[in-house]
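Chemist: Quick one, what's the 3D model for this:
(chains A and B)
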Amino acid sequence: MKLPVKMTINGQTYSHEVEPRLLLVHYIRETVGLTGTHVGCDTSQCGACTILMDGKAVKACTFFAVQCNGAKITTIEGLAKNGELHPIQQGFWEKHGLQCGFCTPGMILAACQMLERYPKPTEEQIRHQLEGNLCRCTGYHNIVKAIQWAAEQMAGKK
Amino acid sequence: MATVERVLGKSIKRREDPRFITGRGTYVDDVRLPGTTVAAFVRSPHAHARIKKIDTAAALKHPGVVAIFTGKDMAGVNSLPCGWLLPGLKVPPHMPLAADAARCVGDPVAIVIAETQSAAQDAADKVKVTWEVLRAVSATDQATAKGAPQIHEVAPSNEAFTWQIGDAAAVDAAFRGAARVVKKKIVNQRLVANPMEPRACLARYDQATGDLTLWVTSQNPHVHRLLMAAFVLGIPEHKVRVIAPDVGGGFGSKIFLYNEETICSWATKQIKRPVRWTSTRREAFQTDAHGRDHVTEAEMGFDAHGKIVGLRVKTIANMGAYLSTFAPAVPTYLYATLLNGVYTIPAIHAHVTGVFTNTTPVDAYRGAGRPEAAYLLERMVDAGAAALKLDPADIRKKNFIPKFDNGFQTQVALNYDSGNYAAAFDKLLAMVDYRKFRHEQEAARKQGRLLGIGFSTYIEACSIAPSKVVGSLGAQAGLYESGKVRVHPTGGVTVYTGSHSHGQGHETTFSQLVADELGVPMESVEIVHGDTGAIPFGMGTYGSRSGAVGGTAILMSLQKIKEKGKKIAAHLLEASPSDIEYTNGQFQVKGFPGKSVPFGQVALTAYVPHNYPEGLEPGLEETSFYDPSNFCFPFGAHACVVEIDRDTGQVKVLRYLAVDDVGNVMNPMIVDGMVHGGIAQGVGQALCEGAVYDDGQLVTGSMMDYALPKADMLPMYETDRTVTPTPVNPLGVKGAGETGTIAATPAVMNAVVDALAPLGVDHIETMPLTASRVWSVMKSAKR
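Modeler: Modelled structure (predicted):
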């Protein structure tokens, strides 16, 4: 049995018939074909599949696609606007906040919501807010710096 | 003429980042081919069990199933090879699909191939395996115990090998004259590498050409190709192309040839469609080669002044259920040969027993043997300091090998390249403000607080190389590296390197090297890696070898390019090649800056050789293979400051400081990043990571149960460097990928022991130092 699902991803509307058990992350990767959202575990620990759903950072492995009818989703592919990197993306580049790049999309999108909650985060807040995202390469040092850099840029723009 | 700005040695932002920060990296699981089928594996739920029967009838009827194969179907396919042979090593067969018995949880017994992932998984659940469950042994120190179940026919006592190095008699004599011999049991627990990208493969057999293409998460695509084609599947290497595109971390675990990619490569030819498989994290915990897992008795002798007089080491190393690709090398040549550390130790003897158990195979994990050696030494030196009531900083200073520039012969085979160990340590002591810390600690202790500092001074053998040497030690491969430089007619440069980047940033650092050598902008340099269809035969990336070995191979080709360019330029300038020099992207007659031709014109002339030197081949492309004369030996000194919660045993890392000497540095930002990541992994081993088996069952089989370090348990790292270039290679670079992992674990452990010293604690046998373990240690402490 398949069920219809319709949602907006990065400003574009998609409708498909999918198995009810299909996870949102697999819908995004396999059905829609946006492979920037990654799968790093099967227990919702790693955060590599973090996306923005209706403005909130969520792990796309914690939803069935069919639960997301009508949702507005932003994936890493949709974050840069008109070819201009989002300040958080820029921050990760400037501060060497990534090495292998696999956790990076999830990290960046988690940071998006973090900076909405805490526009001027302390180091402790950043580290605490990253609790749901694992990185095995950077030791988090430069990820913290990247987010601090982005926070400063975004504050300057306001 | 403007001088071209030098970029080598500068923190240039990474060229690979734009694709990763916009979600446009291409990892194996992102590659899609028309008609691709999806594989799921039926695995053993038992640690040790004989396979009585596999019934696939119901599974084959499942909608969407394309094919199911078991070990019996794979007749003619050979065992996965072990690539490092020790004298007397017992090499049991390791078939891609187990047909007779499963020897660890996760051992694959059947592959189910279907149209979709869900169909493959559902059908795999319907494969009925009748097992005869056997007794299992998983504990390292129980493997050879009387009555332990035998795992392989070839190894009756579960002993894979015994091996020794050093001078046992000299150690006995040294201990007889010692003022004090400190003896400790040291357990280096089993770890799981856990790169964030799980392993994956996609195999396509082209019926028209007979070519097999395998996309696989590999740190060394040519090694994968050679082992799989020549040793296991028996297909000609030249008909196989292995592509390792963007790879999401490896840390050693993606060096090895695994069952899954081998089976998929075989299966695609049977079903005449592409087959892909992506590991779940649960499968990764069960099947990615694990790391460490040593149980050791160590004795270190000291004279009355704290000078080390000898070291005796007895280690049992767990190999797991089978010998993974390079497993036997790790607890022998990459471990015991490092037991001289940075100290003058007049006599050393090490005895290592490798054992089979019903657990996931163990092989190289970041540092591979060297972390185990550094951990042992640093623990023993601190234990010696405690026994002799010496300051841990002073005992280290007393024992450092004095500064040397070109060679130091150790007691355990290696000849160090260059070192200045006291300098790195002194810098560290200044950074940490050591005397001030001890005053603060004294004050804190009076308030009942448990504050501690731990040191770790380490050496590592990097850029694992000299083919002749490793061959004599049992390696079945050479360990050179290749680098091809192709200059295009319009002056652009493509470099084909045998090194592989899975986070190390080669596209940036190697471009820096080329840009500097040729005086061309980085933008006109492209780095190609990870594709056996494009690159010359290369050995890949592990053991911190890419800069030192891979970089030098590229440098050699660049030098050949310049030599040939000089001949072409000399012809154009009507001068002698010996009068031509190359600076800032110009070939010019020495002393006549006006008399020059730019690099681009020489490149074009090489491909349009109308006006060209007699007898010179057209084209501008050179390939080099670099086989170094020795390893390189980075070193450094790390310190960790911790505070322990008296009520819970929770360890909090307050400061982490590192002074590393990796020789010359090609990109400081990238090197610092690798140091950071290594530190986190080393702290992880000390505080939270550990694979736990219960009667053969992997209890820590997911990220819920196996604790990886998170952002909120780590501080900002305080890092610095000393620079002692290696004389081994012309770049003077030593290797930087593993230093943090090697140094951090003992620094944290020593800090915790130091914090608990007022309670009478001078050693803790086992890691990780979870709150409950530390709490137990505190409860059972003397005071």
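Chemist: All the helices of the stretch 101-250 of chain B, residue numbers only.
Modeler: Listed in chain order, the helices of the stretch 101-250 of chain B (DSSP state H, counting those that start in this stretch) span residues B:117-126, B:168-176, B:221-225.
Chemist: what's in contact with the first one?
Modeler: Applying C-beta atoms under 8 Å, 6 or more residues apart in numbering or on different chains, the external contacts of helix B:117-126 come out as A:19, A:21-22, A:26, A:30, B:38-42, B:58-60, B:62-65, B:68, B:110, B:112-114. (Each C-beta comes from the backbone N, C-alpha and C, glycine too.)
Chemist: now do 7 Å
Modeler: Applying C-beta atoms under 7 Å, 6 or more residues apart in numbering or on different chains, the external contacts of helix B:117-126 come out as A:19, B:38-42, B:58-59, B:62-65, B:112-114.
Chemist: Out of the helices of the stretch 101-250 of chain B, which gets nearest to A:Lys56?
Modeler: helix B:117-126 (27.5 Å; C-beta to C-beta).
Chemist: so how far is that closest one from its chain's centroid?
Modeler: Averaged C-alpha coordinates place helix B:117-126 at 34 Å from its chain's average position (C-alpha atoms, centre = their mean, to the nearest Å).
Chemist: Return the set of buried residues in it.
Modeler: For helix B:117-126, a neighbour-count test (16 or more other C-beta atoms under 10 Å in any protein chain shown) marks B:117-120, B:122-124, B:126 as buried.
Chemist: quick one on the thing from earlier: which of the contacts of helix B:117-126 are buried? Put it as a ChimeraX command.
Modeler: Burial among those is assessed by 16+ other C-beta under 10 Å; the matching ChimeraX selection reads:
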select /A:19 /B:38,39,40,41,42,59,62,64,65,112,113,114
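Chemist: Take the contacts of helix B:117-126 and keep only those in helices.
Modeler: In this view, these that belong to helices under DSSP state H are B:58-59.
Chemist: Identify the single longest helix in chain A, thanks.
Modeler: In chain A, with assignment by DSSP H, the single longest helix is helix A:141-157.
Chemist: mean confidence score for that one?
Modeler: Averaging pLDDT along helix A:141-157 gives 95.
Chemist: same thing with stretch B:666-674?
Modeler: pLDDT averaged over stretch B:666-674 gives 98.
Chemist: so how far is that stretch from its chain's centroid?
Modeler: Put simply, stretch B:666-674 sits 17 Å off its chain's centre (C-alpha atoms, centre = their mean).
Chemist: Give me the contacts around it.
Modeler: Defining contact as C-beta under 7 Å, 6+ apart, one finds that stretch B:666-674 is touched by A:96, A:99, A:138, A:142, B:8-12, B:505, B:508-509, B:512-513, B:547, B:662, B:665, B:719, B:733, B:736-737.
Chemist: ok, now with 8 Å
Modeler: Here stretch B:666-674 makes contact (C-beta under 8 Å, 6+ apart) with A:96, A:99, A:137-138, A:142, B:8-14, B:504-505, B:508-509, B:512-513, B:547, B:551, B:662, B:665, B:719, B:721, B:731, B:733, B:736-737, B:739-740.
Chemist: got the helices of the stretch 101-250 of chain B as TSV, with mean pLDDT columns?
Modeler: Converted to TSV, the helices of the stretch 101-250 of chain B look like this (pLDDT from 0 to 100):
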stretch	mean pLDDT
helix B:117-126	97
helix B:168-176	98
helix B:221-225	96
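Chemist: need those helices in JSON lines with distance to B:His46, can you?
Modeler: Shown next, in JSON lines, are the helices of the stretch 101-250 of chain B (distance: least, C-beta to C-beta, whole Å):
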{"stretch": "helix B:117-126", "distance to B:His46": "16"}
{"stretch": "helix B:168-176", "distance to B:His46": "41"}
{"stretch": "helix B:221-225", "distance to B:His46": "29"}
